[in-house]
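[1] No sequence on hand, only this structure:
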């Protein structure tokens, strides 16, 4: 699995696009969409827009668990 990124940097979208394109051409690679899940959830991130808060950490872990282990 690749996990998309959420980072206030100019390379964020290009990086996420590259991850998605690679996964689309490799059947054994999946995408876990942190960028999508965290969209609109400023409470998940600290003021730097990168690091997880006590609210965001469990959400991130749950996202990974569901992707890897299923519902």
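    Noted; the coordinates are in hand. In this text the structure is predicted, and so the values were computed from the model without any measurement.

[2] now the helices for the protein?
    Applying DSSP state H to the chain gives helices spanning 12-24, 34-38, 56-69.

[3] Next, give phi and psi for the residue nearest to residue 7 when sequence neighbours are not counted.
    Spatial nearest neighbour of residue 7, chain neighbours left out: residue 50 (5.2 Å); criterion: CB to CB, 6 or more residues apart in numbering. Quick note: C-beta positions are derived from backbone N, CA and C, even for glycine. Main-chain dihedrals, residue 50, degrees, to the nearest 10: phi -120, psi -50.

[4] ok, now residue 7?
    For residue 7, the backbone dihedrals (degrees, to the nearest 10) come out as phi -150, psi 130.

[5] need the contact list for the most centrally placed residue in the chain.
    Central residue of the chain (CA atoms, centre = their mean): residue 34, 2.0 Å from the mean position. The contact partners of residue 34, taken as CB atoms under 8 Å, 6 or more residues apart in numbering, are 3, 4, 5, 6, 60, 63.

[6] pretty sure the third one contacts residue 15?
    Yes. Applying CB atoms under 8 Å, one finds residue 5 in contact with residue 15, separated by 5.7 Å.

[7] where does the closest residue to residue 43 other than its chain neighbours land on pLDDT?
    Nearest in space to residue 43, with sequence neighbours left out and distances taken as CB to CB, 6+ apart, is residue 55 at 5.0 Å. Note on residue 55: pLDDT of 98.

[8] How about residue 70?
    On the pLDDT scale, residue 70 gets 88.

[9] From the structure, what's the count of residues near it?
    For residue 70, the neighbour count with other CB atoms under 10 Å is 6.

[10] cool, and residue 56?
    For residue 56, the neighbour count with other CB under 10 Å is 20.

[11] now swap in residue 31 and tell me
    Neighbours of residue 31 under the rule other CB under 10 Å: 18.

[12] Is it correct that it is in contact with residue 23?
    Yes. The pair residue 31 / residue 23 is scored as a contact, 4.9 Å apart, by CB under 8 Å.
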